[in-house]
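*Asks:* A structural model of the following input is requested.
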Amino acid sequence: MPKQRTSLSISVRRHFVDQFFFSHSSLFKSGVEVIDIGGKKVGKRGLFDIGKLSAHVTYVNIEEKDAPDIIADASSIPVADSSYDIALAGELMEHVPNPSLVLKEAYRLLKPGGKLLITVPFLYPVHADPFDYGRYTDYYWQRASDSTGFKSIHIERQGAVFAVAALMVQHIFRAKQKSWSPIQNTLVKFFMWLDSKTASPLLKAWTTGYGIILTK
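*Replies:* Predicted coordinates:
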């Protein structure tokens, strides 16, 4: 019997990304207009698929192969102001040279009271898609969001030092290109269990990334 694919088996980082969007999936109700900036209509990397929920989704991407509804740069989308209830930017901001411009564009596209949901990696390898420009702390996101005009910001740290270690274990095994799945899986699960028990501020200062909710 084939082994069930899980977000954690894809990667520790994808586990947190999927967990974040699944935990807020109640926002995507019928009649809600969503714009997925940088989203993929096809070939999704994780298990979360907003297209399977009730909301109406418009996909924006610069890559034609991702089958977007609109081909455009994330900082300049040809859509009228205040068109959407929710905007998504999942694992996008590290791939743009100026994240603040994308924040401003998302703010423009949202209706009053609309929400922007962001996930961004922090302690994660450089990965070009097609480029990879930066990693930003929660201090940056707080300041950039305030200066854009968002009236509230909620930031979730996605894992602590042991989650980062688990992510590194996955990459070490993949680099070796050896089928040592039982060993890898055991180590990853052990580190993730340790991570769930972590309370020390020193150890929680490490993170794989952030889940962010901004309200216009």
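*Asks:* CA only for contacts and neighbour counts going forward, please
*Replies:* Will do.
*Asks:* residue 163 against residue 187, yeah?
*Replies:* No. Counting by CA atoms under 8 Å, residue 163 stays clear of residue 187, with 10.9 Å between them.
*Asks:* who has more neighbours, these two?
*Replies:* Ranked by neighbour count (other CA atoms under 10 Å), residue 163 and residue 187 place residue 163 first, with 27 against 16.
*Asks:* enumerate every residue touching residue 71.
*Replies:* The contact partners of residue 71, taken as CA atoms under 8 Å, 6 or more residues apart in numbering, are 60-64.
*Asks:* before we move on, what about residue 84?
*Replies:* 32-35, 109-111, 114.
*Asks:* just the buried residues out of those, in PyMOL syntax.
*Replies:* Buried subset of the contacts of residue 84, written as a PyMOL selection, criterion 16 or more other CA atoms under 10 Å:
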select buried, resi 33+34+35+109+110+111+114
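*Asks:* list the ones among the contacts of residue 84 that fall in strands.
*Replies:* When the contacts of residue 84 are checked against strands (DSSP state E), the matches are 33-35, 110-111, 114.
*Asks:* report the two of the contacts of residue 84 separated the most.
*Replies:* Across the contacts of residue 84, the longest distance by CA to CA is 13.8 Å; it joins 32 and 109.
*Asks:* ok, residue 9 - contacts?
*Replies:* With contacts defined as CA under 8 Å, 6+ apart, residue 9 is in contact with no residue.
*Asks:* now the phi/psi pair for it, please.
*Replies:* Dihedral pair for residue 9: phi -70, psi -20, per degrees, to the nearest 10.
*Asks:* does the residue positioned nearest the centre of the chain belong to a helix, a strand or coil?
*Replies:* In the chain, the centroid-proximal residue (CA atoms, centre = their mean) is residue 119; its distance is 2.8 Å. Counting by DSSP: H, G, I helix; E, B strand; the rest coil, the backbone at residue 119 sits in strand.
*Asks:* isn't there a strand covering residue 198?
*Replies:* No. Counting by three-state DSSP, one finds residue 198 to be coil, located in no strand.
*Asks:* can I assume it is in contact with residue 160?
*Replies:* Yes. When contacts are counted by CA under 8 Å, residue 198 is listed as touching residue 160 (7.3 Å).
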